[in-house]
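Asker: Need coordinates for the following:
(one chain, ligands or ions: 3)
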Amino acid sequence: MLKNRALERVNAREAEVKVQLRKLTPNLNAAAQLKELDQRLKAHTAQIGFPSVGKSTFLSTVTETASACASYEFTTLTCVPGVLEMHGARIQVLDLPGIIEGAASGKGRGRQVIATARTSDLILMMLSAANADVERRKLIKELSEMGIRVNQQPPDVVITPKSRGGIQITSTCQLTHIDEDDIKKIIGHEFKTHNAEVVIRQDITVDQLIDVLVGNRVYMPCLYVVNKIDTLSFEALEHFALEPRTVVTSIKDGINIEYVKEMIWRSLGLVRVYTKPRGEPPCLDAKAAMFFPKGSTVEDVCKGIHKDFVSKFKGAKVWGRSVKFQPQNAGLSHVLADNDVVQILLD
Ligand SMILES: Nc1nc2c(ncn2[C@@H]2O[C@H](COP(=O)(O)OP(=O)(O)OP(=O)(O)O)[C@@H](O)[C@H]2O)c(=O)[nH]1
Ligand SMILES: [K+]
Ligand SMILES: [Mg+2]
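Answerer: Ligands and ions are numbered 1, 2, ... in the order given. The predicted structure follows:
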């Protein structure tokens, strides 16, 4: 059961990925730099897909940027950024070159393309309706080989190296894919230690344990867009429409464009927060909203207003879905929900 060979392969590939990440071409890198330059951008999404599935057509449809579209493969050879405006937020959408099978192991410019997608907040996986299942499976594999896990949570495993005492394993659930001996061998191999405390709260696989040990995996949301539905019969389509995190579109014929935009917004999970000055009603205009990543706190709002707000913070009142009572007192660590109204009280 122990995948020693698999582990070695993973390690070798890891080293390769690191080298590749450093070698990003300036062109693809420009998009990452743009991220830092344009402070008004609230989120970043990257399109990943095989050639000619409609990525550039999508960018040209939902943003003001025109990216060349044509019926031949590899029309797009660089990274073309566009901006999608949703609910008052500017969201960057990247049009990237198509990737092919074997991209992660060096075919075409696939590694650079995937490395660019790795730094975004959401992957928009563009698929061609006629072949969507196969394309999806292949693309997930390519992303996985570059350390990207889509639509997964990080495994709930905590490993703390110790100076003595052997490897102590505590699991809060039954492990059906891996036994304690394997865990000890893998940790011994990877951490070069035979002393560690391991707490496992999930029925993990060998691969998931390796993910935890290797460490630099990214866990990203991914929205599947099944495009060119105009080329399929209704029956052939039905099952895609029912799958989670999947939208069917005909970008050419304008079908489901608004829906896919809304799904991008939801997949990003941005939190809109409105501030309320003392004695005044809050301004609920979209232009007055502040945008934060999911899980942001009152402290993040303070930092977003002024650098002194955290040190002068005395308390906050919050209205909205994150609190039971309207309003409710909240501290710096209170996690906010979309559309909350916050009043910050200072010393
Ligand atoms: N039938 C149909 N064709 C479409 C649709 N969307 C795009 N196309 C066509 O598909 C072809 C490829 O579109 P592109 O936008 O260039 O595709 P791409 O994914 O950017 O391609 P590369 O840059 O070469 O990787 C063009 O001829 C488009 O007109 C659609 O919804 N239905
Ligand atoms: K094309
Ligand atoms: Mg293109």
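Asker: how distant is the helix or strand hosting Ala43 from the center of its chain?
Answerer: Element membership for Ala43 (DSSP states H and E) is strand 41-49. Centre-to-centre, strand 41-49 and its host chain are 9 Å apart (CA atoms, centre = their mean, to the nearest Å).
Asker: helices or strands up against it?
Answerer: helix 26-37, helix 55-62, strand 89-95, helix 110-118, strand 122-128, helix 132-145, helix 257-268 (3 or more CB pairs under 8 Å, 6 or more residues apart in numbering; DSSP states H and E). (Each C-beta comes from the backbone N, C-alpha and C, glycine too.)
Asker: quick one: is it near ligand 3?
Answerer: No - Strand 41-49 stays out of contact with ligand 3 when judged by CB under 5 Å from the ion, the minimum separation being 8.6 Å.
Asker: Using CSV, write out every CA atom in that strand.
Answerer: The C-alpha coordinates for strand 41-49 follow below in CSV (Å, rounded to 0.1, in the frame of the first residue of the first chain):
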residue,chain,number,x,y,z
LEU,A,41,-9.3,45.1,-8.6
LYS,A,42,-11.0,43.1,-5.9
ALA,A,43,-10.5,39.6,-7.2
HIS,A,44,-8.8,37.7,-10.0
THR,A,45,-10.0,34.9,-12.1
ALA,A,46,-8.1,32.9,-14.7
GLN,A,47,-9.5,31.0,-17.6
ILE,A,48,-8.1,27.5,-18.2
GLY,A,49,-9.1,25.4,-21.1
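Asker: can you tell me if that strand touches ligand 2.
Answerer: No - figure legend: strand 41-49 not in contact with ligand 2 (CB under 5 Å from the ion); closest approach 10.3 Å.
Asker: Rounded mean pLDDT for that strand, please.
Answerer: Strand 41-49 shows a mean pLDDT of 93.
Asker: closest to ligand 3 out of the helices and strands packed on strand 41-49?
Answerer: For ligand 3, the closest of the helices and strands packed on strand 41-49 is helix 55-62, at 3.2 Å, according to CB to the ion.
Asker: in its sheet, what does the helix or strand following the closest one sit against?
Answerer: Downstream of helix 55-62, the first helix or strand assigned by DSSP H and E is strand 80-86. Strand 80-86 pairs in its sheet with strand 89-95 (antiparallel), by DSSP bridges.
Asker: what sits up against the strand it pairs with?
Answerer: 31, 34-35, 38, 40-47, 55-56, 58-59, 62-63, 65, 67, 76, 79-85, 116-117, 120, 124, 264-265, 268, 270, 272, 289, 291 (CB atoms under 8 Å, 6 or more residues apart in numbering).
Asker: which bits of the protein sit near ligand 2?
Answerer: So the chain meets ligand 2 at Ser52, Thr75 (CB under 5 Å from the ion).
Asker: what residue is smack in the middle of the chain?
Answerer: In the chain, the residue lying closest to the centroid (CA atoms, centre = their mean) is Met220, at 2.8 Å.
Asker: filter the contacts of strand 89-95 by proximity to ligand 1?
Answerer: With CB under 6 Å from any ligand atom as the criterion, the contacts of strand 89-95 include Lys55, Ser56, Thr76 near ligand 1.
Asker: The stretch 201-347 of the chain: strands as residue ranges?
Answerer: 218-220, 222-227, 246-248, 271-275, 290-292, 313-319, 328-330, 340-346 (DSSP state E, counting those that start in this stretch).
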